[in-house]
Each structure stands twice: as C-alpha cells, then as structure tokens.
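Engineer: Sequence unavailable; structure follows:
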C-alpha cells in the first residue's frame with residue numbers, strides 16, 4: 001500500500017512526527033481544546049522537549065503531573081488513531097468530536113484515581129475535568 005507523505009489530517013504539509021502531533025492545524029485545535037483543562041501553560045511542542053519534560057516531571061506523584069502526563073499520552077494516541085482511521089479505513093472525525101473523545105478518555109482515567117490530596121489546585125483540576133468528589137482524600 002502506498003501512503004502519501006502529505007499529512008492526512010490537514011492535507012497541507014509533509015507529514016513528520018513533529019507536524020502530525022504539534023504543527024498540524026487539526027492537532028493544534030485538539031491540543032487547544034484539551035489543554036485548557038490542565039491548568040498548565042501547555043505541553044512542550046517538540047519531541048525532544050517532551051522527553052526532557054517527562055524526565056523532569058516523570059517521577060513526581062503530584063496530581064497535576066498525572067493530569068499532564070495522561071493528557072499528553074491520550075492526546076498523542078488519539079491523534080495517531082485518527083490518522084490510522086483516515087489512512088486505512090477512510091474514516092474521519094471532526095476536531096470537536098476528536099477533542100471530546102480525548103477529554104472523555106482522560107476523564108475516565110482520572111475518575112479511577114483514589115486518595116488524591118484534597119488541595120485547592122487538585123480541586124480546581126477536579127472541577128475542570130468534572131471529577132467526582134470521591135477521588136479526593138478527606
């Protein structure tokens with residue numbers, strides 16, 4: 001099977017990892033709609049910076065870092081799955097649907113947490129993600 005080197009998400013640029021996950025207008029819109037819930041300025045936008053970021057924050061058990069790591073993982077995975085669906089099945093989702101799927105997957109994962117420290121920041125994150133009170137330690 002021959003696959004074009006043009007990005008299947010935007011059809012405007014050569015597909016590279018950097019373009020697909022960070023520069024593509026489709027991916028950028030997904031990131032914008034998802035990152036507003038993290039209460040963070042953003043996730044690094046190059047693969048090298050992401051590796052550095054994960055090394056720096058990778059061992060912390062702070063709830064916000066869990067939110068950021070899961071956001072990164074689920075968004076990248078979701079973008080990759082969307083690309084595969086377009087290439088191999090001819091299916092595509094609108095950016096709003098894609099973003100909602102990513103948000104719901106992250107929320108489902110976060111809802112499975114227990115004994116999250118009951119702090120102002122964690123409660124604010126809980127509100128952004130519509131998490132149940134039951135995840136917080138009392």
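Structural biologist: Arrived safely, thanks for sending. Values in this document were obtained by computation on a predicted structure and should not be read as measured data.
Engineer: pLDDT weak spots in this structure?
Structural biologist: 1-3, 41-43, 57-60 (pLDDT under 70).
Engineer: Have a look at this protein and report its longest helix.
Structural biologist: Assignment by DSSP state H gives helix 63-84 as the longest helix of the chain.
Engineer: contact partners of it?
Structural biologist: Helix 63-84 is contacted from outside by 8-9, 20-21, 26-27, 30-31, 34-35, 37-40, 43, 50, 54, 57-58, 92-93, 98, 101-102, 105-106, 109-110, 113, 116-117, 121-122, 125, 129, using CB atoms under 8 Å, 6 or more residues apart in numbering. (Each C-beta comes from the backbone N, C-alpha and C, glycine too.)
Engineer: Please pick the buried ones from those residues.
Structural biologist: Buried by 16 or more other CB atoms under 10 Å: 8-9, 20-21, 26-27, 30-31, 34-35, 37-38, 43, 50, 54, 93, 98, 101-102, 105-106, 109-110, 113, 116, 122, 125, 129, out of these.
Engineer: Which members of these occur in helices, if any?
Structural biologist: The helices, defined by DSSP H, take in 26-27, 30-31, 34-35, 50, 54, 98, 101-102, 105-106, 109-110, 122, 125, 129 from the buried ones among the contacts of helix 63-84.
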